[in-house]
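*Asks:* heads up, no residue letters with this:
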């Protein structure tokens, strides 16, 4: 059952003061580590949505293509700061492909464990639920999964609607997967957060 991943990496990193995707993470970068997590889980189609620092980010993606099934798509609306436009950009890139579902992932969440992403994928394969969301202490996190049957609804959303509004409106359809991983809730927005998580 083919699952794709959309990694949102278009943000301007204003609070960080430098491009988050390019920050060092262990022996690699934040973005390449996130790509590796989904590749190691078995995702065979990874789309990174780029925006700010496009050239530098695409260099990382080009280098990663020697090891991982990854490609990029540019979100021309990235300066509006809305996550929705990047998700929609990624879904349009997947349209017409063989994917049955899309994992929506954050490029600035390198601390998410492979096991958490794998559990979301497994829950979809086992239950066929159109929406699968990881949960830590009753709080929703990323990456969450939307089956192809829901993509048109996401593509029809317009600001100020948000992905959270989409999930809230379909709360009764969500299959929650409990994970022991606070990383699904935390992203890297500030230098302090980066220093706290950096391996």
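*Replies:* Nice, I can see it. Worth saying up front: this structure is predicted, and the values here are computed from it rather than measured.

*Asks:* Just to check, residue 38 is in contact with residue 103?
*Replies:* Yes. Residue 38 is within contact range of residue 103, at 6.9 Å (criterion: Cβ atoms under 8 Å). (Each C-beta comes from the backbone N, C-alpha and C, glycine too.)

*Asks:* So which residues of the protein form strands?
*Replies:* Counting by DSSP state E, one finds strands in the chain at the ranges 3-9, 24-25, 28-29, 45-50, 70-74, 101-106, 131-136, 139-140, 144-147, 174-178.

*Asks:* So which of those strands is the most surrounded?
*Replies:* When you average the neighbours per residue for each of the strands of the chain (mean count of other Cβ atoms under 10 Å), strand 3-9 leads with a mean of 27.

*Asks:* Parallel or antiparallel, which strands does it pair with?
*Replies:* Strand 3-9 has the following strand partners under DSSP bridges: strand 45-50 (parallel), strand 101-106 (parallel).

*Asks:* Adding distance to residue 122 as columns, could you present those strands in a markdown table?
*Replies:* Below are these laid out as a markdown table (distance: least, Cβ to Cβ, whole Å):
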| stretch | distance to residue 122 |
| --- | --- |
| strand 45-50 | 18 |
| strand 101-106 | 12 |
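
*Asks:* which stretch among those comes nearest residue 154?
*Replies:* When these are compared by Cβ to Cβ, strand 101-106 sits nearest residue 154, at 9.0 Å.

*Asks:* any residues in contact with both of residue 38 and residue 103?
*Replies:* Common contact partners of residue 38 and residue 103 (Cβ atoms under 8 Å, 6 or more residues apart in numbering): 5, 117, 143.

*Asks:* ok so, going back, okay, the strands of the chain in a markdown table with distance to residue 194 and mean pLDDT next?
*Replies:* Formatted as a markdown table, these follow (distance: least, Cβ to Cβ, whole Å; pLDDT from 0 to 100):
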| stretch | distance to residue 194 | mean pLDDT |
| --- | --- | --- |
| strand 3-9 | 15 | 98 |
| strand 24-25 | 9 | 97 |
| strand 28-29 | 12 | 96 |
| strand 45-50 | 20 | 98 |
| strand 70-74 | 23 | 98 |
| strand 101-106 | 14 | 98 |
| strand 131-136 | 20 | 98 |
| strand 139-140 | 21 | 96 |
| strand 144-147 | 23 | 98 |
| strand 174-178 | 27 | 98 |
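
*Asks:* need the contact list for residue 165.
*Replies:* So residue 165 contacts residue 157 (Cβ under 8 Å, 6+ apart).

*Asks:* how much space between it and residue 20?
*Replies:* As for residue 165, its distance to residue 20 is 25 Å (criterion: Cβ to Cβ, to the nearest Å).

*Asks:* Equivalent analysis for residue 9, please.
*Replies:* Applying Cβ to Cβ to residue 9 and residue 20 gives a distance of 8 Å.

*Asks:* Identify the contacts common to these two.
*Replies:* Common neighbours of residue 9 and residue 20 (criterion: Cβ under 8 Å, 6+ apart): 107, 108.

*Asks:* how about the helices of the chain, start to end?
*Replies:* According to DSSP state H, the chain carries its helices in the segments 30-41, 54-64, 83-94, 114-127, 151-155, 163-169, 191-197.
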